[in-house]
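# Okay, predicted coordinates and the sequence, questions at the end:
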Amino acid sequence: MPQTLAAAVHSELIIRKSRFIGCVQPMADRPSAQQAVAALWAQHPGASHVCWALLAGGQSAAVDDGEPSGTAGRPMLEVLRHQDLEGVLATVVRYFGGVRLGAGGLVRAYTDAVAQALLQADKVPILRLTTLCCAVPYALEGLLRRELELAGASLLSVTHDEAVKACFRLAEDAAATLQARLAEAGQGRIEWRVPPEDVG
């Protein structure tokens, strides 16, 4: 199950006089990541590089920021992938100490800065939610509400017309079980509907 981070965590390494300040934090998309990187440049105007990697579905990115190609952003992204993370930004601010590290040394340094921060990070599972809507006879409203509570679903809307129409949200992996239970208990009298666009 993919995980994200509860909060930002930092690390700091000194490698052959270069200072590497790592950070891993929850991040939803690329524009937010670019804002975070811009803020780091404002905090560290004397830094040589601010390299970063974002793992966020189709908005993922790996940026070397002037380091030799493939020595910073991509190795940082691989650390995030290896830990099955999603919606996470890794940044490393580097202050150059005058000693060149070579490609292998850079890959190790950037990888270690991210890995060290992740060691202290509090990881939380990403719960994928889905929205379902149905119509039930009035006689089954009590049953529906009990089943929703048992499944940990949150009720989004209920309307009382010719039938009771309800929309609710629950964990994606619990949806099929709930639908099967309701189909059995309702003896075919529960009608599933497509959620309206303003719900969900």
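Arrived safely, thanks for sending.

# Just list what the longest helix seen in the chain packs against, helices and strands only.
In the chain, assigned by DSSP state H, the helix with the most residues is helix 102-120. Here helix 102-120 touches strand 9-15, strand 18-26, helix 73-82, strand 88-95, going by 3 or more C-beta pairs under 8 Å, 6 or more residues apart in numbering; DSSP states H and E. Just so you know, the C-beta spots here come from the backbone N, C-alpha and C atoms, and that holds for glycine as well.

# could these go into TSV alongside mean pLDDT and distance to Arg169?
Formatted as TSV, the helices and strands packed on helix 102-120 follow (pLDDT from 0 to 100; distance: least, C-beta to C-beta, whole Å):
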stretch	mean pLDDT	distance to Arg169
strand 9-15	94	30
strand 18-26	95	21
helix 73-82	94	28
strand 88-95	96	24
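
# okay, these, which one's buried deepest?
Comparing the helices and strands packed on helix 102-120 by mean neighbour count (mean count of other C-beta atoms under 10 Å), strand 88-95 ranks first with a mean of 26.

# Which neighbouring elements make contact with that strand?
Short answer (3+ C-beta pairs under 8 Å, 6+ apart): strand 88-95 packs on strand 18-26, helix 30-43, strand 49-55, helix 73-82, helix 102-120.

# Reformat those as TSV; add distance to Ala174.
Shown next, in TSV, are the helices and strands packed on strand 88-95 (distance: least, C-beta to C-beta, whole Å):
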stretch	distance to Ala174
strand 18-26	24
helix 30-43	30
strand 49-55	26
helix 73-82	27
helix 102-120	29
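
# per-domain residue ranges of the chain.
Here the domain parsing of the chain from automatic domain parsing is 3-125, 129-193.

# weakest of those in terms of mean pLDDT?
Note on the domains of the chain: lowest mean pLDDT is at domain 129-193, with a mean of 89.

# Number of residues surrounding the closest residue in space to Gly186 that isn't next to it in sequence?
Leaving aside its sequence neighbours, Gly186 sits nearest to Leu140 (C-beta to C-beta, 6 or more residues apart in numbering; 5.5 Å). By other C-beta atoms under 10 Å, 20 other residues sit near Leu140.

# cool, Val50 as well?
22.
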